[in-house]
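*Asks:* Show me how the following folds:
(one chain, ligands or ions: 1)
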Amino acid sequence: MKPALMVVVLGLLLLSTVISVRTFRFRSRQLLVTPIPHREIGDRMRIAERLAGALQFETVTGGSGAVFLELHRYLEETFPLVQGTLTRETVGEYSLLYTWRGSEAPARPILLLAHLDVVPVEPGTAADWTYPPFAGRVADGFIWGRGALDVKVGVVGILEAVEALLRDGFRPRRTIYLAFGHDEESGGREGAARIATLLRSRGIELDYVLDEGLAITDGIVPGVSRPVALVGLAEKGKVALELTARARGGHASMPHLPTAIGILGAAIQKLERRQPAARLAGATRQLFEYVGPEMSRAKRTAFANLWLFEWLAVRKLVACPETNALVRTTVATTMINGGVEEDLVPTVARAVVNVRILPGDSIAGVVAHLRRVIDDGRVSVELLDHSAFEPSTVSDVESESFAALQRTIQEVFPGVIVAPSLALARTDARHYESLAANSYRFLPMRVTADDLRRVHGTDERIAVDNYEEIVRFYARLIRNSAGT
Ligand SMILES: [Zn+2]
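*Replies:* Residues are numbered from 1 along each chain as shown. As a prediction, the model looks like this:
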């Protein structure tokens, strides 16, 4: 054999050995746990009725404060042990903070989050609902109504779990806070932000925060046949920017070209063609480290050898909008405006660009990217900063709290794969970020692609069976995190 050929053969042999060894070592990250027996948390239909009752309060974000106060009273009467044992404070007029004092003072507290407000029903769609959106019905195996998924299921589910633990005589080792904001859907400035300020003023440092955000998905994670519980370790940031193009206007009979609209159009096209670079990093990389070992052999080999196949994985992920959003900062033009008269060339044209920022990137970096890509002195790029926020930090998947969360999910949902991930939507958790060592975004609703459109949409509902699991999940999590 010629020496050159020998080198090639040896090289290939070495390569295939490395790939095989890495694939062999790419073991499942699932824990070995025994499912917990169905612990009695109470009559499941009564539990379902109590959630349905809470759905009857039309606590629409920014709506009548009186309705929020009525909901407070309902929770007070429905969960008497919670009311009698925990301290309850009203913050920002309509948000609630509960404190369940732990027996060991030095243990760092935990915080469970949800929100009392719901989005309104889109005008003209109320009649499309199987049951009226604020009727709060239990029927056909489901609890129906606005808030059944987002997220009175969390508020009432957490309180139901605490009530059951109190009935059992459970006492937490560490302090547990429950915080329910009243304006999450509009950014949480009056609710979550104020509760966070209050906790900070008391010098409280949290072990972890658990908020809504991701769920147990079925048939949504590609390549995995079993349901996957996605736990959000981080969430994307967001910024809106205004592009303004200026040019000479005048009568359309003798136009000066290019027009402001043409210049703006070219700028938008550049932004669509040159999106920020994609990368498999942070929480998204962790996702594939957890689901990869559960995939078919070919995919498992690829994810076990990202040092070699990362480019291939990224190419597949960017091909579909849902997974593209997990690997890059996305840029989309959402509004455009220019011109007032059909025969008049305008001097100004404007567009709004909505950017969702991957952890690791920043608002300043986004502005620089836009200016660099547009590269046109006739187009200005300005921040519309009324709703901007930076991406969150990425929580630690090796922490004790993540392990407790994973153990709890596997105990209550046998057969479900647990994986960290990146949340694409904003949650109240970011207001508490600086107070907590780790923040997770997960509520164990079982969702299919069909259920996702019910969130903020028509016929929002949750299965009675699933709601019972959710209550058991919160009770078990408190035992695992704060039991002795
Ligand atoms: Zn929500």
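*Asks:* Which of the helices and strands in this protein ranks last by mean pLDDT?
*Replies:* helix 449-452 (a mean of 86; mean pLDDT, DSSP states H and E).
*Asks:* Chain neighbours aside, what residue packs nearest to residue 481?
*Replies:* residue 404 (5.0 Å; Cβ to Cβ, 6 or more residues apart in numbering). From N, CA and C alone the C-beta is placed, and that goes for glycine too.
*Asks:* Spatially nearest residue to the residue most central in space within the chain, not counting backbone neighbours?
*Replies:* Per Cα atoms, centre = their mean, the C-alpha nearest to the average position across the chain is that of residue 213, at 2.9 Å. Distance criterion Cβ to Cβ, 6+ apart; nearest residue to residue 213, sequence neighbours excluded, is residue 441 at 2.5 Å.
*Asks:* Give me the distance between residue 17 and residue 455.
*Replies:* 47 Å (Cβ to Cβ, to the nearest Å).
*Asks:* after the least confident helix or strand of the chain comes which helix or strand?
*Replies:* Note on helix 449-452: by DSSP states H and E, the next helix or strand toward the C-terminus is strand 461-463.
*Asks:* That next one pairs with which strands?
*Replies:* Its sheet considered, strand 461-463 pairs with strand 142-144 (antiparallel) by DSSP bridges.
*Asks:* Can you give the distance of the strand or helix carrying residue 406 from its chain's centre?
*Replies:* In the assignment (DSSP H and E), residue 406 maps to helix 400-412. Centroid displacement of helix 400-412 relative to its chain, using Cα atoms, centre = their mean, to the nearest Å, is 18 Å.
*Asks:* Check which helices and strands that helix sits against.
*Replies:* For helix 400-412, the elements it packs on are strand 206-217, strand 228-235, strand 417-423, strand 436-447, helix 464-482, judged by 3 or more Cβ pairs under 8 Å, 6 or more residues apart in numbering; DSSP states H and E.
*Asks:* which other residues reach that helix?
*Replies:* 30-31, 33-36, 110, 207-208, 210, 229, 231, 395-396, 416, 418, 420, 437-438, 440, 442, 444, 469, 472-473, 476-477, 480-481 (Cβ atoms under 8 Å, 6 or more residues apart in numbering).
*Asks:* so how many other residues sit close to residue 441?
*Replies:* Residues near residue 441, counting by other Cβ atoms under 10 Å, number 29.
*Asks:* again, but for residue 179
*Replies:* Neighbour count of residue 179, defined by other Cβ under 10 Å: 28.
*Asks:* Next, find the distance separating the residue lying closest to residue 247 once chain neighbours are set aside from residue 227.
*Replies:* Leaving aside its sequence neighbours, residue 247 sits nearest to residue 260 (Cβ to Cβ, 6+ apart; 4.2 Å). As judged by Cβ to Cβ, residue 260 and residue 227 stand 51 Å apart.
*Asks:* I'm done for today, thanks for sticking with me.
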